[in-house]
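In: Show me how the following folds:
(2 chains)
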Amino acid sequence: MAVYRRTSRPRYVVAVLVLAAITLVTLDARSGGSGFLGSVRSDTRAVIDPVENGAHSVLQPVGNFLTGAADYGSLKQENQRLRNEVASMEATQAQVQATEAQAAEVLGQAHLDFAANVPDVAAQVIDQGAANLESGFEINRGTGAGIAVGYPVVTAGGLIGTVTAATRTHATVTVLTDPTFNVGVAVPHTPAVGAASGYGPGAPLRVADIAKGTPLTKGEVLSTSGLQGEKFPPGIPVGRVASVSTPSGALQEMVTLSPLVDPGRVSAIAVLVWSSQTPAG
Amino acid sequence: MTPAVKARLRLAALLVVGFLVEATFGADLRIAGVAPDIMLLLVICAGLAGGPEQGAFVGFSAGLLADLLLTDTPFGLSALTMCLVGFAVGVLRSAVLREGWVLTPAVAFIATGLGVVAFLGFGDLVGQTQLAAEGRAWLVKVALVEGIDAAVLSIPVAWLVRRASSGSTGASRLSGVGVRLGPSGPLSGGRGPSGPLSGARSPSRTR
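Out: Residues are numbered from 1 along each chain as shown, chains lettered A, B, ... in the order given. Here you go, the predicted structure:
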């Protein structure tokens, strides 16, 4: 009969692997994500992105079919077949309408009132990403189209995020509700500026550094400040003031902003070819 | 080529397939806005099928692959988390848990939830405070939905991992434990000393 002999080898193995992982974390953190490990990630994305794109194209109709089948699963078999046909036709029609809407939306990006002097690259959102603790999406344009890390991303409605990774054909956009996102905002008709930060999907942005007594009203739209060294050009609408309060004893107003654009619903965007080093146009 | 080496190659192939599935259409499988964590599920199943050493190795490798898909967190954070999750599941499996039809989904549910919490905790330790900034409700939702996804998917995935790791050192050891610890005969997995794994067990155990 076989007898299991307990050894200490697994403990040594896990200790070595944990140390290796901690070393990798340290090296990557020290290089700020731009060292060797960062380039490995970027190269992997460059390889995966076309495959991902192809998989989406193939699986989308399958997913639509499965969704349709699930919706009509409780009906009689014959009715189900007929209804599936109708659903399939409706899906095709909806797809055509959606494509037309996307095209119109892309064309709409060409007339960005708030960034008239900044060249832009129109792109479509192709994937919302598989990571649950990161807020962002993939777009179908990359460095080959002139996009670089750090470029602002907008829709016709206003600011949506910034490019945080880019390969030749695709780019990753971190949206403005992500907790890593910060943007300087200006209060209209006053010299007051503040810093808006994301607090997760669905949560409003919080604005810090707005001096107490600054005239702000609910519903007012705050735009990027564009101060020297800022990551965004001035005048891009960021959000609408959702609440303003002044805690007793505080020196700053507590302001929250509702983003003008819902990052989860956007399908077409424009990347502004602009960095803090770009001379004012 | 020994059965143990063959098992490692099969597990490596399974990890690559899992990585491609997660990378290509993981986002399409979202339920309530939460995507399943296929790599973590593979790690948990590997720990269940092969014990602590296999769990740790598969966890580290799967974590490195998962890290390639992330942009905000430092490279190696998933490897650290999954390595420990795989090891912990493997230790529990070899020391405490007895195989049964409900074991795999239950462990997958709990370990996935704990994996999400561990990822947040380790992230917090290395300054990734933004991971927890999305709010407690969202994190609970992520842990729960990922856990439910894992519990459902664990049945086919565990079967695949068990097939892949048959012949490995850990799987052979576990089948030996099953025979020795089972109070009323071999465990329900049916991998006793006369099973297909018995031939591979002796040379690897005497290493």
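In: how about the nearest residue to B:Leu80, chain neighbours excluded?
Out: A:Ala21 (3.6 Å; Cβ to Cβ, 6 or more residues apart in numbering or on different chains). (Glycine included, C-beta is placed from N, CA and C.)
In: mind listing what that neighbour touches?
Out: Contacts for A:Ala21 (Cβ atoms under 8 Å, 6 or more residues apart in numbering or on different chains) come out as B:Phe60, B:Gly63, B:Gly76, B:Leu77, B:Ala79, B:Leu80, B:Cys83.
In: Taking these, tell me the two that lie furthest apart.
Out: Largest separation among the contacts of A:Ala21 by Cβ to Cβ: B:Phe60 and B:Leu77, giving 12.1 Å.
In: And the residue nearest to B:Leu80, its phi and psi?
Out: phi -60, psi -40 (degrees, to the nearest 10).
In: gap between it and A:Arg30?
Out: Distance of A:Ala21 to A:Arg30, given as Cβ to Cβ, to the nearest Å: 15 Å.
In: Please enumerate the helices of chain A.
Out: Using DSSP state H, the helices of chain A run over A:9-30, A:36-71, A:77-109.
In: helices and strands of chain B: which one bottoms out on pLDDT?
Out: None of the helices or strands of chain B scores lower by mean pLDDT, DSSP states H and E than helix B:198-205, at a mean of 36.
In: what number of residues lie near residue 91?
Out: This is for chain A. Look at A:Ala91: counted by other Cβ atoms under 10 Å in any protein chain shown, it has 17 neighbours.
In: My question was about chain B, not that one.
Out: B:Val91 has 20 nearby residues by other Cβ under 10 Å.
In: ditto for B:Leu9
Out: With other Cβ under 10 Å as criterion, B:Leu9 counts 12.
In: What of A:Gly54?
Out: Residues near A:Gly54, counting by other Cβ under 10 Å: 11.
In: Pull up the gap between it and B:Thr24, please.
Out: 8 Å.
In: what do you get for A:Val207?
Out: From A:Val207 to B:Thr24 the distance is 39 Å (Cβ to Cβ).
In: Show the contacting residues for B:Cys45.
Out: B:Cys45 touches B:Thr104, B:Ala108, B:Ser154, B:Val157, B:Ala158, B:Leu160, B:Val161, B:Arg162, counting by Cβ under 8 Å, 6+ apart.
In: pLDDT weak spots in the stretch 1-150 of chain A?
Out: A:1-7, A:33, A:56-78, A:80, A:99-112, A:129-130 (pLDDT under 70).
In: try it again with 80
Out: Applying pLDDT under 80 to the stretch 1-150 of chain A flags residues A:1-8, A:10, A:31-38, A:42, A:45-46, A:48-85, A:87-88, A:90-117, A:127-135.
In: my guess is A:Leu272 meets A:Val118, correct?
Out: Yes. Because the distance of 4.8 Å satisfies Cβ atoms under 8 Å, A:Leu272 is recorded as touching A:Val118.
In: Are there residues contacting both of those two? Which ones?
Out: With Cβ under 8 Å, 6+ apart as the test, A:Leu272 and A:Val118 both reach A:Pro233.
In: Looking at those two, which is more packed in?
Out: A count of neighbours by other Cβ under 10 Å puts A:Leu272 above the other of A:Leu272 and A:Val118, at 24 against 20.
In: More neighbours: A:Val207 and B:Thr24, which one.
Out: Legend: neighbour count by other Cβ under 10 Å for A:Val207 and B:Thr24, higher for A:Val207 (27 against 21).
In: residues touching that one, list them.
Out: Listed by Cβ under 8 Å, 6+ apart, the contact partners of A:Val207 are A:Val185, A:Gly194, A:Ala195, A:Ala196, A:Ser197, A:Leu222, A:Glu253, A:Val255, A:Thr256, A:Leu257.
In: which one is the closest residue to chain B within the stretch 151-281 of chain A nearest to, not counting chain neighbours?
Out: Residue of the stretch 151-281 of chain A nearest chain B, by Cβ to the nearest Cβ: A:Gly200 (3.1 Å). Leaving aside its sequence neighbours, A:Gly200 sits nearest to B:Glu134 (Cβ to Cβ, 6+ apart; 3.1 Å).
In: what do you get for A:Leu227?
Out: A:Leu227's closest residue in space is A:Gly184 (Cβ to Cβ, 6+ apart), at 5.6 Å.
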